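[1] let's see this in three dimensions:
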Amino acid sequence: MDPNKKVLLVDDDSVYIFILTRLLRKHSPLMEVVSAKEGTEALAMLKKDAEMGALPQVIITDIEMPGMNGLDFIKELAKLGLVDYRHTKVILNSGKASYSNLNWPAEVPSVAFFPKPLTLETLAGILGYV
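    Got it, this is the predicted structure:
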């Protein structure tokens, strides 16, 4: 992944956002990392990013959040057609490993699941596929 690319983190845990941001910047110091606390806020950010042609290449979202949860977020993301899934990888992230058995929405072909916490090695692997 180009170190100048953009990652969107969607999680209601500000400490986890801080940790992921630090790990991402350790991997790629020039990477732009932005965050939202839940799905509705993330969608608003993505709408603005789409208007400016500055969409993220990776979206990492928690599943369980107040307001719009991660599953509803990715469904709405697909419905609105905000991202091109050939160029954007969507990562669902949760502390509950049981989510790895869920059937992801077919309209979001680039979804993967990784349990929390994400490590630097896991993030480097994810970023390497983008």
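[2] separation between the closest residue in space to residue 27 that isn't next to it in sequence and residue 17?
    Computed as C-beta to C-beta, 6 or more residues apart in numbering, the closest residue to residue 27 that is not its neighbour in sequence is residue 124, at 5.5 Å. C-beta coordinates here come from the backbone N, C-alpha and C atoms, glycine included. Distance of residue 124 to residue 17, computed by C-beta to C-beta, to the nearest Å: 19 Å.
[3] so between these two, which is more surrounded?
    The residue with more neighbours, out of residue 124 and residue 17, is residue 17; 20 against 15, by other C-beta atoms under 10 Å.
[4] excluding chain neighbours, what is closest to that one?
    residue 35 (4.8 Å).
[5] let me see the contact set for the one you found.
    Neighbour list for residue 35: 8-11, 17, 21 [criterion: C-beta atoms under 8 Å, 6 or more residues apart in numbering].
[6] what stretches of the chain score poorly on pLDDT?
    The model of the chain has pLDDT under 70 over residues 1-4, 97-110, 129-130.
[7] what are the ranges of the strands in the protein?
    Secondary structure of the chain, counting by DSSP state E: strands at 6-10, 32-36, 58-62, 89-94, 111-115.
[8] now these in TSV, with distance to residue 52?
    Output for those, formatted as TSV (distance: least, C-beta to C-beta, whole Å):
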stretch	distance to residue 52
strand 6-10	11
strand 32-36	12
strand 58-62	16
strand 89-94	20
strand 111-115	25
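[9] and the ones you listed: which comes nearest residue 72?
    strand 58-62 (10.3 Å; C-beta to C-beta).
[10] direction included, what does that closest one pair against?
    strand 6-10 (parallel), strand 89-94 (parallel) (DSSP bridges).
[11] what angle separates the longest one from strand 111-115?
    Looking back up the chat, that one is strand 89-94. Relative orientation of strand 89-94 with respect to strand 111-115: 30 degrees, computed using axes from the mean of the first three to the mean of the last three C-alpha atoms, to 10 degrees.
[12] residue 87 contacts residue 57, correct?
    Yes - assessed by C-beta atoms under 8 Å, residue 87 is found in contact with residue 57 at 6.4 Å.
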